[in-house]
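Asks: Sequence plus predicted model, see below.
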Amino acid sequence: MISKPLESLSSERNSLLNLNPVVQALELVQDLIVISLCIGLFGFMVLQIRSMVLSLLPPVQFHVVTADILSLLIWVELFRLLIIYLKEKRISIGVAVEVAIVSVLREIIVKGILETEWTQVLAICGFLLALSVLMIVRVWLPPTFEGIDPEEKVSQRRKNHLKQQA
């Protein structure tokens, strides 16, 4: 039995089913969903800024102001994550990890570290350590797909290495 290369099987299937219009339509719908999320998130950020300005009026509650500022930073990072997705059709690991770190730190600040049980503090420390390791390791991740680079420096280094081999 002669085995065909995987690429030829894939191209035969695509030519028989003509999946390109379906894939393009699904990508368009997905982009529309992400755009609507961006618009909604932007509107929510405007309302959050309004609420934050009102909380600055006397009497100032620093605990509430700090929570509002950190929440706004989380929304900004999520907005940036959606914009990167729209531009590059990928999720940035670095931005996603940054959002997770800021979210955890916000919860600690809002709740208060002294009011948190020691087991939760230990779990949070482990979680933040794992996120920190992920931030460091993501630099060495190779590109996952042709044309989609997880990190620009690594992909540039790989391209230079391939040029030198040629």
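Replies: Everything's here; your move.
Asks: so W75 sits in a strand?
Replies: No. Looking at W75 with DSSP: H, G, I helix; E, B strand; the rest coil, it is helix, so not inside a strand.
Asks: ok, it to I93 distance?
Replies: Applying C-beta to C-beta, to the nearest Å, the value for W75 to I93 is 19 Å. Yep, even glycine has a C-beta here, placed from its N, CA and C like the rest.
Asks: got the contact list for the most centrally placed residue in the chain?
Replies: When the chain is reduced to its mean C-alpha position, the closest residue under C-alpha atoms, centre = their mean turns out to be A96, at 3.2 Å. The neighbours of A96, taking C-beta atoms under 8 Å, 6 or more residues apart in numbering as the test, are L81.
Asks: and if we set it to 6 Å?
Replies: Counting by C-beta atoms under 6 Å, 6 or more residues apart in numbering, A96 makes contact with nothing.
Asks: tell me which strands and helices the helix or strand hosting S36 is in contact with?
Replies: In the assignment (DSSP states H and E), S36 maps to helix 20-55. Helix 20-55 sits against helix 62-88, with contacts defined as 3 or more C-beta pairs under 6 Å, 6 or more residues apart in numbering; DSSP states H and E.
Asks: how distant is the helix it packs on from the center of its chain?
Replies: 11 Å (C-alpha atoms, centre = their mean, to the nearest Å).
Asks: for that helix, what is the average pLDDT?
Replies: Averaging pLDDT along helix 62-88 gives 88.
Asks: May I see the buried residues of it?
Replies: Within helix 62-88, the residues that qualify as buried by neighbour count (16 or more other C-beta atoms under 10 Å) are 67-68, 70-75, 77-79, 81-82, 84-85.
Asks: Next, the angle from it to helix 20-55.
Replies: 160 degrees (axes from the mean of the first three to the mean of the last three C-alpha atoms, to 10 degrees).
Asks: Low-confidence ranges, this structure, go.
Replies: 1-16, 142-155 (pLDDT under 70).
Asks: how far away is the closest residue to F44 other than its chain neighbours from D31?
Replies: Spatial nearest neighbour of F44, excluding adjacent residues (C-beta to C-beta, 6 or more residues apart in numbering): W75 at 6.5 Å. Per C-beta to C-beta, W75 is found 21 Å from D31.
Asks: With R80 instead?
Replies: R80 sits 17 Å away from D31, going by C-beta to C-beta.
Asks: cool, and D68?
Replies: D68 is 31 Å from D31, by C-beta to C-beta.
Asks: What of A166?
Replies: For A166, the distance to D31 - C-beta to C-beta - is 36 Å.
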